[in-house]
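> sharing a model that was predicted from the sequence below.
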Amino acid sequence: MTAPTLELRDLRTHFATRGGVVKAVDGVSLRVDRGQVLGLVGESGSGKSVTGFSILGLVDPPGQVVGGQVLFQGQDLARLDEEAMRHLRGNRIAMIFQDPMMTLNPVLRIDTQMIETVLAHAPVSREEARQRARDALGQVGIAAPEERMRAYPHQFSGGMRQRVAIAIALLHKPDLIVADEPTTALDVTIQGQILAEAQKLCAEHGTALIWITHDLSVVAGLADRIAVMYAGRVVEEGPVEAVLDAPLHPYTVGLIGSVPSRNRRGAPLNQIPGMTPSMLNLPAGCAFAARCPRAAPGCSEPPPFVEFRPGRSARCIHPHAEGPPA
Amino acid sequence: MSAAAEAPIVEVRGVSRRFEKKLDFVARLARRAGLPVRKEVVHAVDGVDLAIQRGEVVGLVGESGCGKSTLGRMVAGILPPSEGTILRQGCDLRSLGGSEARLAKLRTQMIFQDPYASLNPRRKVAEIVGEAPLYHGLVRRADLADYVDEQLRRAGLDPTLKGRYPHQFSGGQRQRIGIARALAVQPDMLVCDEAVAALDVSIQAQILNLFMKLRRELDLTYLFISHDLGVVEHLSDRVVIMYLGRVVEAAPSEEVFARPNHPYTQALLAEVPRIENRKRHFAGVQGEIPSPLNPPGGCHFHPRCPYALARCKVERPVLREIAPGHRSACHLNEAT
Amino acid sequence: MSAVLRPSAAPQVETPLRRFASQFAESRLALFGLAVFVVIVLAALFAPWIAPQNPYDLAQLDIMDGRLPPGSVGASGMVHWLGTDDQGRDMLSGILYGLRISLMVGAGSALVAALVGASLGMLAAYAGGRTDTLIMRLVDLQLSFPAILAALMILAFLGKGILNVVIALVVVEWAYYARTVRGSALVERRREYIEAAQCLALPTGRIIFRHLLPNVLPPLIVVGTMQVARAIALEATLSFLGLGVPITEPSLGLLIANGYEYMLSGKYWISFYPGIALLLTIVSINLVGDQLRDVINPRLQK
């Protein structure tokens, strides 16, 4: 088996705030193989976005990656200096943000920005760079790219801008793309287009994709594997089919149960009681215990991340479906 | 459900809402000089008819630019229509005066999308909830504290927190405060404008359950505006689908999801990701959502419609009943 | 199966004011500025009691004490810590009394300008249309004149005197407030809590004053702080030019003017110390204003 495109080992990212240390990412281990799509799912405060930023070294102070490894094709990104990281970003690893204006410079034309991006990593002529930019725009389904390239970001709709941002991510045919909620703010019909592009990418280029979202339905349709995060830790991981059909962790069960289509029409939705705990005040053991219908005295100890079956893990001592580990 | 003879709680007749950008001085001069300067008009809502019966939950669905939020605000009385009338139990509110109009306006309340912007950051929760009922005389000052406690409890909040400020609460709790504020004036209808869109899935479930509970307990009518079809399907009795300011389809919930008629509805339903659909092939609807400043002529959807006829480019389709209770605005239905 | 939610970790009622105060206190420089400013205000307030001498009481002056360097002892045995001016007035006392005038004129004019400017700004934002255009064009007109020039023109018209100086400053300053408040009001007006208040059928006046205004105030406070400093500087300039306050109630500017001719002949203290006092006042206000602006801004993004 070839080495995974990305492997996170016990990644820790902490934020030093006025109220104390926030362990936004607290020992996250994941892997994504070539051509695979990993759906990283969680609600606000789960640490999924910070994980994405940590992979690319984009965590700003007061946050900092304090431990663990980010192995990209075997190389530990957490130990790289900024210059080396810059060579990788936009080139071998790309990121797509929820707000396309985080990628696009509002005062530059699209073609200027894209050509600049190409030239930053590839020693080609301007004309060649322009050609590549045109091709990338065509790939994401923008009609008449030569003409539309000459516009400024504000002249595009939200969906178009996001597609341009994705085109920029594609320019150097990266091996890994980290997408942070890229379609959350988009309309359903535009979302469909973007998801189609993403699928094509993985199939044709072998790009590994980490799709960060809170929307389980999108992950269901797009991803091969899913990892669920809660309060900075991964609580469940496995193939999409297995996790969604037979979830182990009570939080995953609750999350899936909250989705309206999983409930009988008109009946009260299965809700998870309570709220996410404040990250400044996490309980000692399992972070989910206070809201868990299966909580027991043993939950006051931090539960270990156990592999119940090959490729199928959960951080729980009383998971559903399976009994406690032998 | 209500008897057919009773007037619908809200009836929208031929309502349109335009937003015009007034020409500034230079533009007006240019126009006088004969230059072709066009006034920019957005037809946010374009000739909509809608009737909501008492006790119903009507889901209003559409994507950006469809006008659902604008329509919601007109129903709630915050925005006046440019054309058409809105009747509240058979009565046009514009014909009422002074205090009658005021009290009638209270009967329809709105829950907003953004839990961070919908509460006055400088007021305590108790004031936010208690201001309007006190002002309108729904409760005496002596009873205000208990009344506010009651409203907060009903919305699922701990009344001891009423001395706090909005920034001390989470998104879901703020929505509950907004709900308490709306309920405090004893409305019989709520317009929910993407009320759960900004919330996490688990909190969303809690708030949706709250809506359903309140509907049963207080016999409320809802106009539930959302882009999330899953939520709408779960909650609504009837669904109305809008595209670029016009209603394209309206039918009971099961009908719409089982037998969508309008090509746009079909496309929308096909594109919505569902948790049951694994590893599916996404295709997307071709084309962009046109800008409301410059909608296509005839049927607004024709540039993206896989079945467009020549007629669709020039003639606006009328909303017609194609099955009992199921209306659709598409020329293809008249092909027979 | 209680749906009642337990509160989050906040232990006490954190009023917006308390939160604001703790954020303000994060800057040591701003706290220092605040401390200096408080000292200055107190000194000015208690001037009649702490000044060694009442410099305007002609009976107390002895012209033989004129132009004594700092630290020297006068004819009456009093120590002049900062020297005396050409009339024999104790500089320290002069500065303390001068601070009073400077602060009163500066703060007073800023306050009146704030009231006028904020009202016009809110009116422009809420009314829109022609009213808005009219008011904003007046603002543009006002702001296109250099402040000094405008003030001079007004004073030339009105004549000298403290009240006229205040009037001139108000006319020069109101425009900043109007523009700031209008911008802020236009943003806040579209927010959903205002729509909610409309939905709740609250009257327009109540919405403007009880809902809109409190949320429009923060930028106003920042502008106000900076404007006070500016007004003080402006008044000093006018007085320095001889068109400001009368000589019987000199402000710091006038004091500086009085000693100007002696700067090169070695009797620097007559201008220098009032200048330092003016500098400290303005800098401390600006330090406070800077931190205010930084604290208020990110919160507005929420």
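Ah, there it is.
> residue ranges with poor pLDDT in chain B?
Counting by pLDDT under 70, chain B contains low-confidence residues at B:1-5, B:279, B:284-285, B:335-336.
> mind checking what secondary structure residue C:120 has?
Classification of residue C:120 by DSSP: H, G, I helix; E, B strand; the rest coil places it in helix.
> how far away is the nearest residue to it once chain neighbours are set aside from residue C:153?
Closest residue to residue C:120 apart from its sequence neighbours, by C-beta to C-beta, 6 or more residues apart in numbering or on different chains: residue C:178 at 4.7 Å. Quick note: C-beta positions are derived from backbone N, CA and C, even for glycine. Remark: distance between residue C:178 and residue C:153 (C-beta to C-beta, to the nearest Å) = 20 Å.
> just residue C:179 next, same as before
Counting by C-beta to C-beta, the gap from residue C:179 to residue C:153 is 21 Å.
> out of these two, which sits in the more crowded spot?
Legend: neighbour count by other C-beta atoms under 10 Å in any protein chain shown for residue C:179 and residue C:153, higher for residue C:179 (21 against 13).
> tell me which element the more buried one falls in.
helix C:162-189 (DSSP states H and E).
> return the set of buried residues in that helix.
C:162, C:164-182, C:184-186, C:188-189 (16 or more other C-beta atoms under 10 Å in any protein chain shown).
> which other helices and strands contact that helix?
Here helix C:162-189 touches helix C:91-127, helix C:129-144, helix C:147-158, helix C:213-240, going by 3 or more C-beta pairs under 8 Å, 6 or more residues apart in numbering or on different chains; DSSP states H and E.
> got the angle between it and helix C:91-127?
In terms of direction (axes from the mean of the first three to the mean of the last three C-alpha atoms, to 10 degrees), helix C:162-189 departs from helix C:91-127 by 40 degrees.
> residues making contact with whichever helix or strand comes after helix C:162-189?
With elements assigned by DSSP H and E, the helix or strand that comes after helix C:162-189 is helix C:192-199. Here helix C:192-199 makes contact (C-beta atoms under 8 Å, 6 or more residues apart in numbering or on different chains) with B:73, B:76-78, B:105, B:108-110, B:112-114, B:117-121, B:178, B:181-182, C:188, C:206-207, C:211-212.
> helix or strand right after helix C:192-199?
Moving toward the C-terminus from helix C:192-199, the first helix or strand encountered (DSSP H and E) is helix C:204-206.
> am I right that residue B:249 sits in a strand?
Yes: counting by three-state DSSP, residue B:249 is found in a strand.
> residue contacts, it?
Counting by C-beta under 8 Å, 6+ apart, the residues that residue B:249 touches are B:239-241, B:256, B:260-262, B:264-265, B:326-329.
> those in helices, which ones?
Among these, the ones falling in helices (DSSP state H) are B:256, B:264, B:265.
> for the nearest residue to the first one once chain neighbours are set aside, what are its contacts?
I take that to be residue B:256. Counting by C-beta to C-beta, 6+ apart, residue B:256 lies nearest to residue B:239, which is 4.6 Å off, once chain neighbours are set aside. Contacts for residue B:239 (C-beta under 8 Å, 6+ apart) come out as B:58, B:59, B:61, B:232, B:233, B:249, B:250, B:251, B:252, B:253, B:256, B:257.
> do the same with residue C:67
C:83, C:84, C:85, C:86, C:262, C:267, C:270.
> roughly how far does it sit from residue C:265?
As judged by C-beta to C-beta, residue C:67 and residue C:265 stand 9 Å apart.
> helix, strand or coil for residue A:189?
helix.
> what's the burial count for it?
By the criterion of other C-beta under 10 Å, residue A:189 has 22 neighbours.
> contacts made by stretch A:261-272 with the rest, please.
A:217, A:251, A:254-258, A:260, A:291, B:202, B:205-206, B:208-209, B:212-213, B:230, B:233-235, B:253, B:274-276.
> which residues touch residue 224?
Just going to use chain A. Counting by C-beta under 8 Å, 6+ apart, residue A:224 has contacts A:36, A:37, A:38, A:239, A:240, B:279.
> my bad, the chain I had in mind was chain C
C:110, C:111, C:114, C:177.
> who wins for neighbours among these?
Busiest of these [other C-beta under 10 Å] is residue C:110, holding 27 neighbours.
> next one: the most centrally placed residue in chain C from chain B, what distance?
In chain C, the centroid-proximal residue (C-alpha atoms, centre = their mean) is residue C:228; its distance is 1.5 Å. Distance of residue C:228 to chain B, given as C-beta to the nearest C-beta, to the nearest Å: 24 Å.
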